[in-house]
Structure formats: structure tokens, C-alpha cells
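[1] Below: sequence and its predicted model.
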Amino acid sequence: MVWIVLALIAVLFTIWAVARWNTFRPLVKQIDIKVSHPLDTHGLRILHLSDLHMERLSISPEALLKQVQGERIDLIALTGDYLDTVSMTDRFLQYMDVLKDLQPRYGMYAVFGNHDYVIADHLPYLQREMEKRGCVVLKNEHVRVPIGDQTLNIIGIDDHYTNRSNADQAFAGVEEGINLVLTHDPEIVLEMDHHFDYLLSGHFHGGQIHWPKPYHLKKMGKLYSLNIISGLHYHKNRAFYISDGLGQTGFKMRLRCRPEITFHSIGSGPSA
């Protein structure tokens, strides 16, 4: 009986050790997407980061820089859940400084997520500090970015999970071009009828503790029941991507789901 208990403890410790070690080991993913509108010769390469969760992020600013340095980065997209305690502001801004120094050709853009709204009163200050570092924060609004002879409409939809999303407002006045949507909670894809060429999101962490299945995500909406919690998907012929995120919530652990840094390459051609 004692040996059984000791064996069980050893197994649990091993699982815990692996799960914790995983939080330091981000996967760098490369996603290729085609859009019907012509882009310039080189297309568009986006660095996408989501769910940094400063309180339980294992990857240092220096480690993040090492993973992306030397890569071609045309645009940086941040899709929410950066911190939920004011005391983590300075740490988060260290990451923003690293991203600013990458000097993306077409700029850096961000939306807020549900955890950010835990400190809603602090967000105006955080937004100002992000904008000082060249990051455009979008809350149910859009900006137009010329790319060669084409226009990229970057449409930021505020957090759907906390009922702050307003797709009609975000798309109001959008003119012809390539529509890139940034939002935190991908659940909004099932409800919005607006045209977009590509949507970037996060929120689910790929389950984070994905063993045997991430049953805890069931309460987060309909996408779970469709087995859509991570990666590239299509809804009504519209492509959307769910990042597994860089940080963690609850516990500094990941099982069968490592942190993610994503490069999206958008080129011209028939869309899937």
C-alpha cells in the first residue's frame, strides 16, 4: 500500500513538473492565409500575441525577444488579457518596450480582454502608456492602413465576454479593403454578420490544462461544443484564428497545450 501511495505521488509530481516546465517553452507557429484582394508583392506578416497574463507569465521579455528577433514583422497584433492587477503594470510595459523596439512596418495594434477589465478604472492610464509606445488601442473602432495600392482595415472589437463588444460600431464607415479583425473572445464570430478576411483572437488558452479534455471551457460559450478552442477555423467562409496565448491563469501550468507565439502570413490568392 505504501508503494502505491509513493508511486502515485511520484506520478503527480512528474505531471506537475512537466506542466510547469511547459510554461517556459513557447511554440512558434507559422500560419499562411490567402485573401482575395491583392496585397503588395511581399504580402503581410503579422506577429500575434494574446493572453500574456503578467501575473503568471513564465516567459521573460528577453526570452520573448529572442524568439522573434530577426524575423520579418510588418504588423504586431495583441488580442487582450495582459494583466488583472495594477501592480503588474510596470512589468507589462517592459514587454511593450520590447515590442516597440521591433519597429513593425505598419505599426502595433491592440484590444483589451476580460481580465484587463478587472482593473477597468486603471485602463485609461494603461492605454496612454501603450500609445506612448506606438500601440494603437482599438475599442469598437477601426483604422485604415495603406499597404501598397491596397488598404488594410484593422477593426478592433472590444471584449465580447464582458458584453463590451459592438461590431456595428467597430465596422461603421469601413470602406473597401482587406478587413482584419482583432478581438479577444472568438465567440463573437458566431454572432456577427460583418465581412472580414481574417480575425485574430485568444481567450481559451487552448484549454491550458488539456487533460483529458478542457471541460472547464464549456461555460465559456458555444465554440467549445463545436470543438473549436484553438488554431485556424472557418465560419461562413470567414477565417478566424484562436491563439493558445503566452501566459496562464489560475495555475502556472500547461498540459498538452504550450504557450504560443504566432506569425500569420497573409498573401494574395483564392481564400480557402
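    Thanks, I have the structure now.
[2] element containing residue 194, please.
    Using DSSP states H and E, residue 194 falls within no helix or strand.
[3] doesn't residue 51 make contact with residue 205?
    Yes - checked against Cβ atoms under 8 Å, the pair residue 205 and residue 51 is within contact range at 6.0 Å. The C-beta positions use only the backbone N, C-alpha and C, and glycine is treated the same way.
[4] what sits in contact with each of the two?
    244, 245 (Cβ atoms under 8 Å, 6 or more residues apart in numbering).
[5] I'd guess residue 9 is in a strand, am I close?
    No - going by DSSP: H, G, I helix; E, B strand; the rest coil, the assignment for residue 9 is helix, not a strand.
[6] Just give the number of residues close to it.
    By the criterion of other Cβ atoms under 10 Å, residue 9 has 10 neighbours.
[7] and the nearest residue to residue 69 once chain neighbours are set aside, what does it touch?
    With Cβ to Cβ, 6 or more residues apart in numbering as the criterion, residue 69 has its nearest non-adjacent residue at 7.8 Å, and that residue is residue 102. By Cβ under 8 Å, 6+ apart, the contact set of residue 102 is 47, 68, 69, 73, 76.
[8] Could I have the PyMOL command that selects the buried members from these?
    Entered in PyMOL, the line below selects the buried ones among these, by 16 or more other Cβ atoms under 10 Å:
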select buried, resi 47+68+73+76
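[9] Quick one, which of the contacts of residue 102 has the minimum pLDDT?
    Within the set of the contacts of residue 102, pLDDT is lowest for residue 69 (91).
[10] quick one: low-confidence parts of the chain?
    Applying pLDDT under 70 to the chain flags residues 7, 38, 40-41, 215, 268-272.
[11] Tell me where it has strands.
    27-35, 44-49, 75-79, 108-111, 135-137, 141-147, 150-157, 178-183, 198-201, 231-235, 238-242, 260-268 (DSSP state E).
[12] In TSV: these, plus distance to residue 92.
    Formatted as TSV, the strands of the chain follow (distance: least, Cβ to Cβ, whole Å):
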stretch	distance to residue 92
strand 27-35	21
strand 44-49	12
strand 75-79	11
strand 108-111	11
strand 135-137	11
strand 141-147	22
strand 150-157	18
strand 178-183	18
strand 198-201	19
strand 231-235	26
strand 238-242	22
strand 260-268	17
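[13] So which of these is nearest residue 63?
    Across the strands of the chain, residue 63 has its closest neighbour in strand 260-268 (10.3 Å, Cβ to Cβ).
[14] circling back: which of the contacts of residue 102 lies closest to residue 263?
    Of the contacts of residue 102, the one sitting nearest to residue 263 (Cβ to Cβ) turns out to be residue 47, at 6.0 Å.
[15] Of all the residues in stretch 23-35, which ones are buried?
    Buried residues in stretch 23-35 (16+ other Cβ under 10 Å): 23, 26, 29, 31, 33, 34, 35.
[16] measure the closest residue to the second one other than its chain neighbours to residue 21 for me?
    Among residues not flanking residue 26 along the chain, residue 259 sits closest, at 4.1 Å (Cβ to Cβ, 6+ apart). Between residue 259 and residue 21 the distance, using Cβ to Cβ, to the nearest Å, works out to 11 Å.
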